[in-house]
Every structure is written in structure tokens, then in C-alpha cells.
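In: generate coordinates for the sequence data below:
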Amino acid sequence: MTVLLAGCSGTADGPEEAGKRGASASTSTSTDRGGTTGAGPSPEKTFEPDPARLPKTRAEARDFIDRVIAGPDSFGPGVVKRSPYASDPATWPVLGEDCVWQQRKPAPSVLATLTRSFEVPAEAGKGPVRLAAVVTVHRTRQDATWEMAESIEESMRCPTQQLREGEQIGSMVAGALLGGESGQSSSEDFLTEVGEYRSSELGGPHHYSWQQAQTLQFTVAVTGKGAKGRTKDEIDAWVSKAQGVMLSRLENAVEKRN
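Out: So this is what the prediction gives:
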């Protein structure tokens, strides 16, 4: 069953907020989504993971992330690194009870997490587009599915969120698809959000797009924040392309070889 939610949740452009993290999981939310925290249906396009290739230590998880996470070319031509490029691996963003994102120590379930920040530079009549990609390796598959449930809980809890000083998202519409639902075959669980982004620097409202997917013990997410002169289709295309690249790399990194 496809789940649509009105609300919002925040993955910002920089290392501070690019990985969506909730302060707590909601059991009722995961139940409403058909048991997201349990096994769930498998994607139609299945692959067989090799247990020996799944990361079990922090060092293995960091190596896995380096092989999977997007680079500038993953989004397409014209995308460049933004400074700071990589997040501090000792922190991850958490949405507080006041709906403001803040930095905290990663949860015990996390072996490793990394965010990279990118930009499509401003040009004549068009402002800069802020993009981000994040990969998180959890200790178990259930830990990863809890992260997905927390993302839904955040959407319902905070209709407007402050990413950082001078940045806000709102008017969000979210959707969720388990693997095998409505042709969704790229992951075991897939979330999307679109809405409005406002910035004291870039004005607004501009289009905001976020995608997060979970397969096995891994989650991958991409965010795009629009600017003057940039279309919704442009932002969504950058986000979708990088997400597809990371999911393909993930599969190749853990798939059983004959």
C-alpha cells in the first residue's frame, strides 16, 4: 500500500542536516506502514547478498560508504563539490522536539555514516542549487528499518522544520513505497518528500526534494534545494539520478558473485 503523508522532514544540503534522523521511533507509525520495522516484502527486482560482503565493523562500514556514496558525477554535468564537502563522522543530525535540526552523536545502531555536499553553481538568471547525499550503515537490517520509520514519524510530527539559522522547509507531501509496490523495485523501502524551501540567502519558496531508500542494513538519501530560475523537474532529476547511482553501487557492493 502506498502511504501519502502531509508534513515535512529535513535533509539539508550540508553535512549538518543531510542525513534524516529522528530523536525517537514511533511504533504506531511503523505499524500503520504495514510493519516497516519487520521483514516486509522484498523488491520485485531481487538480488542475493553475500553475507561475507556485508560490513560488520566500523572500518568495513567506512570502506563500504566510500564505494557507494555519490560524487559530483553521480548527479550529472555541472555539479561540483561544496565546502565543507564531507560531514564529521562523529555526528549526525537529529530533529528536536522543537522541530529544529541539531547535531548529536550517532545512535549505537550506526556503524558508520557520511554526508557529502554539492552545488550546481549560479548562472545567468538562476540561483545555486544545493544538493547532498548520505549513506548510513547500521549494525542490522532492523536498525535500518527503524530509521525509515523515524523519518515518517518526523513528517507527521513537524509540519515545518528549521534546517539551520535562516533556512526552513515546509508544505511537504511525503510518500512511501515498500519493495514490490506500484513497481518500486529498487529497494526494500523507499520514501520521498517534496515541498517548499525558504532561505534568507536565496529567498523562496523554492522546490525542495528528498528521497531515502533502505536495503538490508543500509540507508541512502539525497536532497535537492531549489533556487531562483530552477524548475521542479530539474531538482527532482538531480536527486533521482544520484539516488539511482547509489542504489546500483550498493547492490554491486554486496551482491553474491558466482
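In: alpha carbons only for contacts and neighbour counts from here, please
Out: Fine.
In: would you mind finding the longest helix in the protein?
Out: For the chain, the helix with the greatest residue count under DSSP state H is helix 232-254.
In: same for that one, what does it pack against?
Out: helix 58-68, helix 72-75, strand 129-138, strand 203-215, strand 218-225 (3 or more C-alpha pairs under 8 Å, 6 or more residues apart in numbering; DSSP states H and E).
In: other residues contacting it?
Out: 47, 49-51, 53-54, 64, 67-70, 74-76, 129, 131, 133, 186-187, 207-211, 220-226 (C-alpha atoms under 8 Å, 6 or more residues apart in numbering).
In: try 7 Å
Out: The list of residues contacting helix 232-254 from outside it, by C-alpha atoms under 7 Å, 6 or more residues apart in numbering, reads 49-50, 53-54, 68-70, 74-75, 207, 209, 221-224, 226.
In: any idea how far the residue positioned nearest the centre of the chain is from Gln212?
Out: The centroid of the chain falls nearest to Ala221 when counting by C-alpha atoms, centre = their mean (2.2 Å). Plainly put, Ala221 is 4 Å away from Gln212 if you go by C-alpha to C-alpha, to the nearest Å.
In: equivalent analysis for Asp66, please.
Out: Distance from Asp66 to Gln212, by C-alpha to C-alpha: 18 Å.
In: for those two, work out which one has more neighbours and name it.
Out: Between Asp66 and Gln212, Gln212 has the larger neighbour count (other C-alpha atoms under 10 Å), namely 25 against 13.
In: pLDDT at that one, what is it?
Out: Note for Gln212: predicted pLDDT of 94.
In: dump the residue contacts of it.
Out: So Gln212 contacts Phe190, Leu191, Thr192, Thr219, Val220, Ala221, Val222 (C-alpha under 7 Å, 6+ apart).
In: determine which two of the residues you listed are furthest apart.
Out: Farthest apart among those by C-alpha to C-alpha are Thr192 and Thr219. That separation is 13.2 Å.
In: which of the two has more residues huddled nearby?
Out: Thr219 (26 against 18).
In: where does the stretch 51-200 of the chain have low pLDDT?
Out: The model of the stretch 51-200 of the chain has pLDDT under 70 over residues 176-187.
In: rerun at 80
Out: Scanning the stretch 51-200 of the chain for pLDDT under 80 picks out 152, 155-156, 174-187.
In: tell me which stretches of it form strands.
Out: Using DSSP state E, counting those that start in this stretch, the strands found in the stretch 51-200 of the chain span residues 80-86, 92-95, 101-104, 110-120, 129-138, 160-164, 167-178, 189-199.
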